[in-house]
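**Student:** what follows is a protein structure lacking sequence information:
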């Protein structure tokens, strides 16, 4: 299963963005998101930002992903 993760754009350089998810930063292509800007949230999958997402929706999605990860860890114990 693959997940698309809500990520905040913290830097843009030459069509590539530096994105942040809970303090972890990675690079991704912004070629599929027209006029992306620093501070926006995007859905990222396989190294590409696919589209913009509202900050509130991004936070809700990240919270749900963290809860699912915590549940999964409890099940493994």
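**Tutor:** Now that the structure is in, tell me what you want to look at. Remember, it's a predicted structure, so these values are computed and weren't measured experimentally.

**Student:** quick one: the helix or strand bottoming out on mean pLDDT in the chain to chain centroid distance?
**Tutor:** Ranking every helix and strand in the chain by mean pLDDT, DSSP states H and E puts helix 55-76 at the bottom, with a mean of 88. Helix 55-76 sits 13 Å away from the centroid of its parent chain (Cα atoms, centre = their mean, to the nearest Å).

**Student:** packing partners for it?
**Tutor:** strand 5-13, strand 41-45 (3 or more Cβ pairs under 8 Å, 6 or more residues apart in numbering; DSSP states H and E). Every C-beta, even on glycine, is put in place using the N, C-alpha and C of the backbone.

**Student:** and with 10 Å instead?
**Tutor:** For helix 55-76, the packing partners by 3 or more Cβ pairs under 10 Å, 6 or more residues apart in numbering; DSSP states H and E come out as strand 5-13, strand 16-21, strand 41-45, strand 48-53.

**Student:** thanks a lot, see you next time.
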